[in-house]
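A.B. asks: A predicted structure for the sequence below; I have some questions about it.
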Amino acid sequence: MPALNNFNDWLPIIFMAVMGLSILAYVVLDGYDLGVGMLLHRATPEQKDVMIGSIGPFWDANETWLVLGIGILLVAFPLAHGVILGALYLPVTLMLIGLILRGVAFDFRAKAHDDHKAMWNQLFYGGSLLASLSQGYMLGAWIVGFEQSWLTVGFALLIAPCVAAAYTLMGATWLVMKTETALQQRAVYWARRALWLTALGVAFVSVAAPVVSQRIFDKWFWLPNLVLLAPVPIASLLLFILTDRILRALPLPDDKLSWVPFSACVGIFILSFFGLAYSMFPFLVIEKMTIWQAASAPEPLKIILVGTLIVLPLIIAYTVFSYRVFQGKAQHLSYE
């Protein structure tokens, strides 16, 4: 790690922070609409239309964050981009197939005749599930440093359904907040079923990272870090418990507290992301490649930074604006 006594040394940290923000925003924002997609097959035809309506104004823009994050990885950290995407070629391909299926199905179902709409609903569900499982596998493979053995591949396969469950939890709590009556009650049930598999996934990752790396173990369990970082897992556990308690009580009169489960899940995602980012820093490929080793030369990074400082506020502003405009309960989505 360099001395950080000049601006050039800080450039990789700045771009890593922007990339991290992009990935976190994608996981939270696209996570809930992937979750809604995976829940689609459990609903009635009328409920399906409301569920699609709840994500309709947002889902396409949510994926902008994925494009931004991968774009920064490509232009700011080209060496890491080659290593990471080379190791994850198959799951990345499957994820892209899933996202393409979602995009096609979302638009075609809105214009399809009733006898064809079920097919597009199934494709939307299948694309959401495929993309979620692929992302879960990629997370597991990244944590173990892309090592290829029965144990590491098994771990990645174990994390895949846990990430899908986490997205399902986000989607269900989003529907709790955005819907009413019978659909809201079903969403509460779906959220409670996904909650503890999500917690299990967080626990698996939390245990695996320090087992894989002695450096990560020391960062978390040596004093005074053990005391200073204790609020992170404690707060995560409390948010899981809070979510469970609120879900057991919902629905309440006048739609009280319907926003709490989704907000708590966002908090869990943020805390989990912080813990993982803290563990991995300064490595992009665990114990193999730091951000300074992977970074482009300072000159192009400075030019890219100017563009980032223009584009990023626009994306944030549009995201905030769209969520303010389309706040409130969801309705049937129509292109008529």
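C.D. replies: On my side now, so go ahead. Numbering: from 1, shown residues only.
A.B. asks: what is the burial count for Gly56?
C.D. replies: Neighbour count of Gly56, defined by other CB atoms under 10 Å: 20. Placement of C-beta: from N, CA and C, glycine included.
A.B. asks: and if you look at Asn5?
C.D. replies: 8.
A.B. asks: by contact count, what packs against the helix or strand of the chain with the lowest mean pLDDT?
C.D. replies: Lowest by mean pLDDT, DSSP states H and E among the helices and strands of the chain is helix 59-62, with a mean of 80. Judged by 3 or more CB pairs under 8 Å, 6 or more residues apart in numbering; DSSP states H and E, helix 59-62 is in contact with helix 7-39, helix 298-325.
A.B. asks: determine which of those approaches Ile72 most closely.
C.D. replies: Closest to Ile72 of these is helix 7-39 (CB to CB; 4.4 Å).
A.B. asks: what pLDDT, on average, does that closest one get?
C.D. replies: Average pLDDT, helix 7-39: 94.
A.B. asks: report the buried residues of that helix.
C.D. replies: 8, 11-12, 15-16, 18-39 (16 or more other CB atoms under 10 Å).
A.B. asks: how about stretch 85-102?
C.D. replies: Using 16+ other CB under 10 Å as the test for burial, stretch 85-102 gives 87-88, 91-92, 94-95, 98-99, 101-102.
A.B. asks: can you tell me which of these is closest to Leu252?
C.D. replies: Nearest to Leu252 among the buried residues of stretch 85-102: Arg102, at 32.9 Å, using CB to CB.
A.B. asks: for that closest one, what are phi and psi?
C.D. replies: phi -60, psi -50 (degrees, to the nearest 10).
A.B. asks: distance check, the nearest residue to it once chain neighbours are set aside against Ser258.
C.D. replies: By the measure of CB to CB, 6 or more residues apart in numbering, the closest residue to Arg102 outside its immediate chain neighbours is Gly127, 3.8 Å from it. Using CB to CB, to the nearest Å, Gly127 is found at 28 Å from Ser258.
A.B. asks: and what of Leu242?
C.D. replies: Distance, Leu242 to Ser258, using CB to CB: 14 Å.
A.B. asks: ok, now Arg215?
C.D. replies: 43 Å.
A.B. asks: more crowded one of these two?
C.D. replies: Neighbours were counted for Arg215 and for Ser258 using other CB under 10 Å; Ser258 has more, 23 against 13.
A.B. asks: what sits against that one?
C.D. replies: 176-177, 184, 250-252 (CB atoms under 8 Å, 6 or more residues apart in numbering).
A.B. asks: cutoff 10 Å now
C.D. replies: 173, 175-180, 184, 187-188, 246, 250-252, 329 (CB atoms under 10 Å, 6 or more residues apart in numbering).
A.B. asks: for stretch 245-261, what is the average pLDDT?
C.D. replies: 91.
A.B. asks: so what touches stretch 303-319?
C.D. replies: Under CB under 10 Å, 6+ apart, the answer for stretch 303-319 is 7, 11, 14-15, 18-19, 21-22, 25, 29, 58, 61-62, 64-65, 67-68, 71-72, 75-76, 296, 298, 301.
A.B. asks: hang on, the earlier thing: just confirm the residue nearest to Arg102 contacts Leu133, I think it does.
C.D. replies: No. Applying CB atoms under 10 Å, one finds Gly127 not in contact with Leu133, separated by 11.1 Å.
A.B. asks: which neighbours do those two share?
C.D. replies: Residues touching both Gly127 and Leu133 (CB under 10 Å, 6+ apart) are 38, 95, 98.
A.B. asks: okay, and the last one sits in which element?
C.D. replies: Mapping Gly98 onto the secondary structure by DSSP states H and E places it in helix 89-111.
A.B. asks: what helices or strands is that helix leaning on?
C.D. replies: Judged by 3 or more CB pairs under 10 Å, 6 or more residues apart in numbering; DSSP states H and E, helix 89-111 is in contact with helix 7-39, helix 45-55, helix 59-62, helix 64-76, helix 78-87, helix 114-143.
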